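S.K.: predicted model and sequence follow; I will ask about them next.
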Amino acid sequence: MNSLWIFPGQGGQTAGMLQNVDKALRSHVEELLGLKLLDTDEAYQDSVQLQVGIELLQVAQVNAMQAAGLKPHLVAGHSLGVFAAAYAIGSLAQDDLFRVVKRRAELMQGAYPQGYGMGVVVGLSRPEVEALVAQVNSSEHPVYASNQNAEDQTALSGELAAIDQVVTLAKASGAVLARRLKVPVPSHSPLMAKVGTQLAAAMADVTLQKPAGIYLTNYSGRAVRQVAPVREDLSNNLAHPVYFEAMMGVAHDYEPDSIVNFSPGRPFRKVLGQKFGDLHQVNLDQMSVSDAAFLLTKWERGTY
Amino acid sequence: MSEERDWATHREAKANKLSAMSSMIDGKFAKTSDAKAILEGLIAPGDKVVLEGDNQKQATFLSKTLASVDPAKVHDLHMIMSSISRPEHLDIFEDGIASKMDFSFAGPQSTRVSQMIADGTLKVGDIHTYLELYARLYIDLIPNVVLVAADKVDRDGNLYTGYNTEETPVIVESAAFHDGIVIVQANEVVDKLPRVDIPADWVDVIIPADEPYQLEPLFTRDPQNITELQILMAMMAIRGIYEKHNVQSVNHGVGFNTAAIELLLPTYGEQLGLKGKIVPNWEVNPTPTLIPAIESGWVQSIHSFGGEVGMEKYIAARPDVFFVGKDGTMRSNRAFGQMAGQYALDMFVGSTLQIDQYGNSSTVTNGRLSGFGGAPNMGSNPTGRRHSTPAWQSLRPDNDPLGKGQKLVVQMVETFGSNKRPVFVDSLDAVEVRKEAKLQNVPIMIYSEDTTHIVTEEGIAYLYKTSSMAERQAAIEAIAGVTPVGLRSDPAVVKDLRARGIVAFPEDLGVNRNQATRSLLAAQNMEDLVKWSKGLYNPPAKFRSWS
């Protein structure tokens, strides 16, 4: 099976999403981290609860898929999702994953005071958005072009006032949509370089294995098979845009025969449709792992 | 007197390499499990290596084996490949096994090729047309080692390459007669071959493969996906080009536009009384959408670059039409096919992703360095050629006593692509890609000067009739719809161009838009094609909606 597994980051979380997670795994993680996972809307206001919760959900799904005899050929995580991606491709060990994710969440929590965040522009090309950003960006009012989720969808990251200025310019230049996002930190921009350095230090003694397939990097949109770029992506992707559109473009060259969308939510519907047309997809947000395994096995046999 | 020069250094080097590996080679045969050691022993750092990656057939076993060699032993190879089709074709660059690449087509790996050039991981010699690449194998890209794929081999080492002979002969010959080493992967070792396609004498090492070579049904188009717009364009092309220029020989690209033409010949073409008058002779792969035209007597001959999965039995049963050996199976040959496509045809009909305001076209778009395959050979006018067919002569200028005819090169495009982006643009993405990839030439697929006709859903521009670049631009604008280029069109100018026959709309050609419905297709779906073939065509599973 030549399957592409995709792991989203924050955004699609819902209260109660951990209900069906393997109980033993959940208590193991809680004990490992000394943390009670609450799985409520209120708790998900907290970075550590949110990030650990999402990764627990994804790791539980990976384990269930593997128990059903399925494995990926390609993995793509988006932002926080890189950890479960690296786990699924055999690069990062399970306990290391949870320790690192907790540390990442703590570092992000303390990284920026109020007044920073992210935005998005839809309907302009990246060079067009970069040109607008260049008009606004300054050392006092920093703003950067950030994640590229689809060809015509570029995120912004930086000071909120500067983001608002770019949003105004983008609307005047014919953007279909331009607005702030509910994200309290300027993720995936050079403003997070310090967090990247701290996380890299925290990860120094974490051993990574050579991926047992293809790992798609956030920071460069490349397909890699070596440890070094995976380590760079896990420790430092917060300081770089997520080049998700490029990741999917290069994934296409490996001609996957199916896509598995891990929870929570299903944020990549549009770009996946553009890149892969009507390729078989399963969405673990909407079906059980056993249903997904049934479909994937059926498709592999060629009975359509 | 200086010392006598040794004139056989290549031969001696080859003999030394082979004798060093003699413990692993029995006659010409090596074990599957020794493949990696064989490649490590016979390929030297810096060698020029041809890896058979054709359009359809891939030497998969040897490419995977090459990707597994120790980069400390084998490195900095100069790869020569007509088609970069598989991930491991590029993995060898990441791992340092190879450093330089000359190629023709990278469609399936175009994103990664462009990333790796940008990263400096892959150095490009040139992006060639197929014929240039094959020709250079005999001039300054003479290979040290070639890695090719055969269907069957006999105990003596003769090869059967059958339907998918494709590039094997042209590759093998370049090495076999210049002391290169010829290494073959074989699907099967048999006592008796159906026929000999490559003699054992030209082959050095044969390794049975762990699984059959990869073969892709690249030229199969399901009629179900043909739209009514494409049917309208096909009707215009048949009236305004095939009939008008009395076209006898043709190559069709791989798109749905040309599939629509193939499926309209037995219906619309018949209604127009064109049967027996146009396109008896084809240079084209055995595409299933040609079956109705063949069965109803439109087609006299088809020579092919490669085979097509599922068409084997049908081809075997139609030896009058296809090139078939005494054994009853087809033989293809891409080098001869490209030669025929460039030099022997009246007309090439293809499609593209972008056409600029001057009429240059390219399938290279931002971030995707795809190369072009056969289009630049077949879609170019070989200016040294004199040709007396009615089609060529119909393009002869009246005002030049030394004037000669021209090949018809037709681009058929809808004004907006499937990605909702305009096909007609002021400047090709290829101009930017050239800078990023540091290429000598802008990667244009077909030049404006060679393009004689453009067909869109709006109409046909007869570019060969234009007498200046300004007039050429106006003709393109007239059929470019609501793209930025098309919006510049001036109604008064269009009226004049139509009056002078430089632009034709459907009504000018006597094409009735209301007739452009799917019921006009000779086959509506794959099942119809199977019926037309009298059950001889056996579509691959992914094209079956029934079981």
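M.R.: Structure received.
S.K.: going by C-alpha atoms from here, please, whenever you check contacts or count neighbours.
M.R.: Noted.
S.K.: residues in contact with the residue of the stretch 201-304 of chain A found nearest chain B?
M.R.: Distances between the stretch 201-304 of chain A and chain B by CA to the nearest CA are smallest at A:D253, namely 4.9 Å. With contact taken as CA atoms under 8 Å, 6 or more residues apart in numbering or on different chains, A:D253 is in contact with B:87, B:108-112.
S.K.: same thing with B:K277?
M.R.: When the contact criterion is CA under 8 Å, 6+ apart, the partners of B:K277 are B:246, B:248.
S.K.: same question, the one 4 residues further on
M.R.: Taking CA under 8 Å, 6+ apart, we find B:N281 in contact with B:248-250, B:299-302.
S.K.: do the same with B:A150
M.R.: B:159-161, B:184-187.
S.K.: what about it, which helix or strand?
M.R.: For B:A150, the host element (DSSP states H and E) is strand B:145-154.
S.K.: which other helices and strands contact the helix or strand following that strand?
M.R.: From strand B:145-154 onward toward the C-terminus, using DSSP H and E, the following helix or strand is strand B:159-160. Packed against strand B:159-160 by the contact rule (3 or more CA pairs under 8 Å, 6 or more residues apart in numbering or on different chains; DSSP states H and E) you find strand B:145-154.
S.K.: tell me how far the strand it packs on lies from the chain's centre.
M.R.: Taking CA atoms, centre = their mean, to the nearest Å, the mean C-alpha location of strand B:145-154 is offset from the chain mean by 21 Å.
S.K.: next: stretch A:217-230.
M.R.: Going by CA atoms, centre = their mean, where stretch A:217-230 is centred and where its chain is centred differ by 14 Å.
S.K.: over to stretch A:8-23?
M.R.: Taking CA atoms, centre = their mean, the mean C-alpha location of stretch A:8-23 is offset from the chain mean by 14 Å.
S.K.: which of the residues in that stretch are buried?
M.R.: Burial within stretch A:8-23, assessed by neighbour count using 16 or more other CA atoms under 10 Å in any protein chain shown, is assigned to A:8-10, A:13, A:17-18, A:21-22.
S.K.: who in the stretch 101-250 of chain A is up against chain B?
M.R.: Taking CA under 8 Å from any CA of the partner chain as the contact definition, the stretch 101-250 of chain A meets chain B at A:222, A:249-250.
S.K.: OK, contacts around the residue nearest the centre of chain B?
M.R.: By CA atoms, centre = their mean, the mean C-alpha position of chain B lies nearest to B:G374, the distance being 3.6 Å. Listed by CA under 8 Å, 6+ apart, the contact partners of B:G374 are B:129-130, B:338.
S.K.: and if you look at A:H280?
M.R.: A:257-259.
S.K.: could you dump the residues you listed to TSV with secondary structure and neighbour count?
M.R.: Supplementary listing: the contacts of A:H280 in TSV, determined by DSSP: H, G, I helix; E, B strand; the rest coil; neighbours: other CA atoms under 10 Å in any protein chain shown:
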residue	secondary structure	neighbour count
A:D257	coil	17
A:S258	strand	21
A:I259	strand	22
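S.K.: quick check, nearest of the residues you listed to A:T217?
M.R.: The shortest separation between A:T217 and any of the contacts of A:H280 is 17.2 Å, and it belongs to A:I259 (by CA to CA).
S.K.: please, which helix or strand holds the residue nearest to A:G16 when sequence neighbours are not counted?
M.R.: For A:G16, ignoring the flanking residues on the chain, the nearest one in space by CA to CA, 6 or more residues apart in numbering or on different chains is A:D39 at 5.4 Å. Per DSSP H and E: A:D39 is located in neither a helix nor a strand.
S.K.: can you tell me how far A:D39 is from B:K192?
M.R.: The gap separating A:D39 from B:K192 is 70 Å, by CA to CA, to the nearest Å.
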